[in-house]
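Trainee: Model the following, please.
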Amino acid sequence: MAIIVDTVYQRVLALANKEQRGYITPQEFNLLANHAQQDIFEQYFYDLNQFDRSKSNDLEYSDMMKLLQEKIAIFEQYKVASSNVTANVVTLPTDVYRLGTVYYNNSSYNVEVEEVGKKELEYMLRTQLAAPTAARPVYIRKNATVLNLFPASPSVGYNTANVRCNYIKKPEKVVWTYNVVAGNALYNATASDHQNFELHESEETELVYKILELAGISLNKPGLVQLAGTEDMQKQQQEKQ
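Mentor: From the prediction side, this is the model:
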């Protein structure tokens, strides 16, 4: 279940306006909301690495590794077709954040395409026994969005249908959409570019805190930063208990 963007905006406004700490316009909110969502999203992977080094517990609903994996699962994509394939040059889908397994269907079955380094590939191409085949293909990262697959010219050529990948996608850009009525911005959830937060619903409070903190910095309101920071610290201490 998505976090409703208007719910977060109204909570942010209520706290920001308390004791006249400042008004956050829709444009400012959208900018800060996306920053906050991205911060929380990226933190998942640092936390996952940290908790991976510690032992899991046997409690079904309080294992931090499982909780993090549940939050990340929202963004997992399975066997998505490539955006473009020209010869052995494969362009990944545009929303890839972290690439997982790459698959190639050689007309008989799906095989996993192994990632190798450029130097390793050079050695493989020089040795007949180690050379990539349609049953054992490899790829190198040309850049963040493009892969080179080998063998370069298999009997079943690469195309967008037979080269697919698993990956973690980027969160959609949050947009609080509105109509101006009598000089006031009124929420419009039916606008074509409207977009709620994609984060797990448990992150709603964290979003509010982060947006408040960012708003306090941009509006130069030290009291607002302190309020958000104190509440955020209390929440983190509770999670560690």
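Trainee: could you point out which element follows the lengthiest helix in the chain?
Mentor: When the chain is parsed with DSSP state H, its longest helix is helix 26-52. Heading C-terminal from helix 26-52, the first helix or strand you meet, by DSSP states H and E, is helix 64-73.
Trainee: In space, what's closest to the residue minimising distance to the centre of the chain - neighbours in sequence excluded?
Mentor: Centrality entry for the chain: nearest residue to the mean C-alpha point is Lys170, 3.4 Å, by CA atoms, centre = their mean. Distances taken as CB to CB, 6 or more residues apart in numbering place Tyr97 nearest to Lys170, at 4.5 Å, with adjacent residues excluded. To be clear about C-beta, it is placed using only N, CA and C from the backbone, and glycine gets the same treatment.
Trainee: Could you list the buried residues of the host helix or strand of that neighbour?
Mentor: Under the criterion DSSP H and E, the helix or strand holding Tyr97 is strand 96-105. By neighbour count, with 16 or more other CB atoms under 10 Å as the criterion, the buried positions of strand 96-105 are Val96, Leu99, Val102, Tyr103, Tyr104, Asn105.
Trainee: Just the residues contacting it, thanks.
Mentor: 45, 75, 79, 92, 110-113, 115, 134, 137, 139, 145, 147, 149, 156, 158, 161-170 (CB atoms under 8 Å, 6 or more residues apart in numbering).
Trainee: Show me what secondary structure element comes after it.
Mentor: Using DSSP H and E, the next helix or strand after strand 96-105 towards the C-terminus is strand 110-115.
Trainee: buried stuff in that next one?
Mentor: Per 16+ other CB under 10 Å, strand 110-115 contains these buried residues: Val111, Val113.
Trainee: likewise stretch 128-137?
Mentor: Neighbour-count burial for stretch 128-137 [16+ other CB under 10 Å]: Pro132, Pro137.
Trainee: for that stretch, the distance to its chain's centre please.
Mentor: Averaged C-alpha coordinates place stretch 128-137 at 33 Å from its chain's average position (CA atoms, centre = their mean, to the nearest Å).
Trainee: Please save the CA atoms from it in PDB.
Mentor: These are the backbone C-alpha positions of stretch 128-137, laid out as PDB (Å, rounded to 0.1, in the frame of the first residue of the first chain):
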ATOM      1  CA  GLN A 128      39.100 -21.600 -26.500                       C
ATOM      2  CA  LEU A 129      38.200 -23.600 -23.400                       C
ATOM      3  CA  ALA A 130      37.200 -20.500 -21.400                       C
ATOM      4  CA  ALA A 131      35.600 -18.600 -24.200                       C
ATOM      5  CA  PRO A 132      31.900 -17.500 -23.700                       C
ATOM      6  CA  THR A 133      29.300 -19.600 -25.400                       C
ATOM      7  CA  ALA A 134      25.500 -19.400 -25.900                       C
ATOM      8  CA  ALA A 135      25.200 -21.900 -23.000                       C
ATOM      9  CA  ARG A 136      27.700 -19.900 -20.800                       C
ATOM     10  CA  PRO A 137      27.500 -16.200 -21.800                       C
END
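Trainee: what pLDDT, on average, does it get?
Mentor: Regarding stretch 128-137, the rounded mean pLDDT is 94.
Trainee: hmm, who's touching it?
Mentor: 104, 106, 111, 113-114, 123-125, 138, 149-151, 154-156.
Trainee: Give me the buried stretch members for stretch 24-32, please.
Mentor: When burial is assessed from 16+ other CB under 10 Å, stretch 24-32 yields the following buried residues: Ile24, Glu28, Phe29, Asn30, Leu31, Leu32.
Trainee: ok, the fourth one touching Val175?
Mentor: Think Asn30. Yes - here Asn30 reaches Val175: they are 5.8 Å apart, a contact under CB atoms under 8 Å.
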